[in-house]
Each structure stands twice: as C-alpha cells, then as structure tokens.
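In: show me how the following folds:
(one chain, ligands or ions: 1)
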Amino acid sequence: MVSRVVLFRAVIMGPPGSGKGTVSDRIRKSFELKHLSSGDTLRANIIAKTDIGLLLKSSIDQGQLIPDDIMTRLILLELRNLEQNSWLLDGYPRTVRQAEALDGTYNIDTVINLNVPFQTIKDRLTSRWLHLPSGRVYNTDFNPPKIPGLDDVTGEPLIQRNDDTPETVTRRLHAYKTQTEPVLEYYRSKGVLETFSGTETNKMWPHVHTFLSGKLGSGDHKAAGKV
Ligand code: AMP
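Out: Okay, here's the model as predicted:
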C-alpha cells in the first residue's frame with residue numbers, strides 16, 4: 001500500500017502585535033513546520049544591507065506596506081526553498097492582491113486568524129522586545145526573557161523595533177484595517193479561515209494547538225523534514 005503524503009500549507013494572520021510571532025514559534029516547535037515571516041525576511045535584508053533592504057528600510061520604519069509585486073516576488077522566491085516542506089506563512093499575504101498571487105502557486109489549507117482588540121495591541125507593542133537574528137519575540141508583560149534584555153537561547157541583546165513607536169503603530173493598525181482585513185474575508189469565503197479571539201496569547205495558544213492537532217494528527221500531512 002502506498003501512503004499518501006500531503007504537505008500542509010498554512011497562513012497565520014492578525015494585526016501587528018497580535019502574537020503571530022510567538023504563536024508561530026510554538027506551532028513551528030510543536031508541529032515541525034517551517035516558518036516563514038515576511039517581516040523577518042525584510043529585516044534580514046536590512047541587516048545584510050542588500051539592495052532590497054536598503055530600498056525598503058525607510059518604508060518599513062514608517063510602518064508603510066511594501067508594494068505587492070516586490071513582496072510577492074520576495075516571498076515566492078523564499079517559498080521555493082521550502083517546496084518539500086510543510087510551512088506556516090506569517091505576515092504575508094497582507095492585501096487581497098497578495099492573497100490572489102499566493103493562490104496562483106499554492107493551495108492554502110488553513111488560515112489561523114488571531115483576533116486581538118486594537119487597544120490591547122497598542123498597550124502591548126511598547127513592551128515588545130525582539131532578538132533580531134532569530135526573530136524570537138518577547139514581551140516584558142507576559143512572555144519575558146529569563147534575563148531582562150537578553151535572548152534566552154543565545155544570550156545576545158534584545159532590541160525594540162523602530163516601527164513600534166506609538167505613531168507608527170497607529171499607522172500600521174490603519175494599514176491593517178484598510179488593506180489586510182479584506183484578506184480575512186477572502187479566506188472566509190474560501191472556507192479556510194479559523195479565528196481565535198482573546199487578549200492573552202497564552203490563553204489563545206491551547207485552542208490553536210488543539211485545532212492544529214486535529215488537522216495534522218490525521219497522519220496524512222507531512223511534517224517538515226529536519227534540515
Ligand atoms: P511585520 O514584522 O510582519 O509587522 O512586518 C514589518 C513591516 O514589513 C510592515 O510594517 C511592512 O512595512 C513590511 N511588510 C511585511 N510583510 C509585508 C507584506 N506582506 N506586504 C507589505 N509590506 C509588508
């Protein structure tokens with residue numbers, strides 16, 4: 001008997017600061033999916049001072065969305081390296097045009113939507129700290145590093161993002177409302193949207209875990225190979 005192996009293609013959505021980074025990291029560890037974050041990919045390009053990183057830095061610092069065609073080219077290129085793996089995409093798509101472009105190449109099985117009130121997010125983003133090389137996210141309120149200011153795994157210093165200032169957060173939330181919320185509708189109409197509502201990541205996570213266990217526990221999805 002030949003067993004059927006299906007690669008799992010998931011997207012995680014939610015406003016900036018909704019806990020996507022933290023939940024993605026837990027999903028990656030629990031289910032051995034590859035995790036691709038568009039924001040991390042852009043920040044890595046900025047650090048490496050690539051042409052694209054230098055070109056896009058000021059837009060990102062100001063909380064503006066990157067044009068669809070640039071973003072789509074970048075992400076589809078990254079996804080080509082993950083063809084043989086199940087993956088979780090985080091931060092892309094952020095517009096309906098991006099979602100359509102993604103659909104042109106991949107069949108999305110599930111979209112996890114973290115629905116967190118905007119006021120909670122505004123309070124939260126100012127206490128967010130990041131380990132830039134790995135993309136690990138901490139929050140001094142509910143997910144603090146073991147040693148303040150230092151990454152748990154490497155011991156390297158954590159930073160606050162340039163785009164986590166109050167004015168930029170307001171601009172990013174506005175971009176989310178006008179450009180990204182329609183993507184939720186797009187996926188809802190396709191029947192793949194699963195929404196998790198709450199104000200605390202630690203309370204939302206068990207529901208996400210149970211949901212994905214149901215999806216991936218059937219054994220016909222292939223977890224990411226360890227590379
Ligand atoms: P994030 O870390 O996902 O909050 O992304 C940080 C910034 O990168 C965003 O505020 C945008 O400027 C840019 N960015 C990330 N993903 C996208 C995307 N899919 N489309 C457009 N801009 C993006």
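
In: going by C-alpha atoms from here, please, whenever you check contacts or count neighbours.
Out: Noted.

In: distance of the closest residue to residue 162 other than its chain neighbours from residue 130?
Out: Spatially, and ignoring its direct neighbours in sequence, residue 162 is nearest to residue 61 (5.7 Å; CA to CA, 6 or more residues apart in numbering). When CA to CA, to the nearest Å is applied, the distance between residue 61 and residue 130 equals 15 Å.

In: the more surrounded of these two?
Out: Neighbour tally, residue 61 and residue 130, criterion other CA atoms under 10 Å: the higher count belongs to residue 130, 20 against 14.

In: for whatever helix or strand the more buried one lives in, name the packing helices and strands.
Out: Of the helices and strands defined by DSSP states H and E, residue 130 is found in strand 128-131. In terms of contacts (3 or more CA pairs under 8 Å, 6 or more residues apart in numbering; DSSP states H and E), strand 128-131 is packed against strand 136-139.

In: next one: stretch 104-117, is it in contact with the ligand?
Out: No - Stretch 104-117 lies apart from the ligand when judged by CA under 6 Å from any ligand atom; the minimum separation is 13.4 Å.

In: who touches the longest helix anywhere in the chain?
Out: In terms of residue count, the longest helix belonging to the chain (DSSP state H) is helix 201-216. The list of residues contacting helix 201-216 from outside it, by CA atoms under 8 Å, 6 or more residues apart in numbering, reads 18, 19, 22, 23, 27, 31, 112, 196, 197, 198.

In: quick check: bridge partners of residue 139?
Out: Note on residue 139: beta-bridge partners by DSSP bridges are residue 128, residue 143.

In: dump the residue contacts of it.
Out: Neighbour list for residue 139: 124, 127, 128, 129, 145 [criterion: CA under 8 Å, 6+ apart].

In: ok, it to the ligand distance?
Out: When distances are taken as CA to the nearest ligand atom, to the nearest Å, residue 139 and the ligand turn out to be 15 Å apart.
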